[in-house]
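Chemist: build me a model from this:
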Amino acid sequence: VQTFELLTGRWLFHPQAGQTWSVEDDHLAKMAELTGENFSDKILDKSRKRDEYFDGSAHLRTVTAYRPTIPYVS
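Modeler: This next block holds a predicted model:
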């Protein structure tokens, strides 16, 4: 996901703000949904904005109704 975005300069997703979350929150949730994984502590420990978006258990603070799923591959 991040490789695509870095190479093209475009977001792979089209996140939208909701009543209780920002565009950035939705973008992070969509990444977790696509990959089927939550962000690891190893990755989050390097983030300057970890506390802005994630709680102490590495869950998104504002988007709670997302479901990491395994993408369908044919």
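Chemist: pull the number of nearby residues for residue 40.
Modeler: Look at residue 40: counted by other C-beta atoms under 10 Å, it has 9 neighbours. All C-beta atoms are positioned from the backbone trio N, CA, C, and that covers glycine.
Chemist: what sits against it?
Modeler: The neighbours of residue 40, taking C-beta atoms under 8 Å, 6 or more residues apart in numbering as the test, are residue 58.
Chemist: got it, and residue 29?
Modeler: So residue 29 contacts 15, 21, 60, 63, 66 (C-beta under 8 Å, 6+ apart).
Chemist: do the same with residue 55
Modeler: Going by C-beta under 8 Å, 6+ apart, residue 55 touches residue 61.
Chemist: likewise residue 41?
Modeler: Counting by C-beta under 8 Å, 6+ apart, residue 41 touches residue 58.
Chemist: format the contacts of residue 29 as CSV; extra columns: distance to residue 52, neighbour count and secondary structure.
Modeler: Listed next are the contacts of residue 29 as CSV, based on distance: C-beta to C-beta, whole Å; neighbours: other C-beta atoms under 10 Å; DSSP: H, G, I helix; E, B strand; the rest coil:
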residue, distance to residue 52, neighbour count, secondary structure
15, 16, 18, coil
21, 12, 22, coil
60, 11, 19, strand
63, 13, 21, coil
66, 17, 18, coil
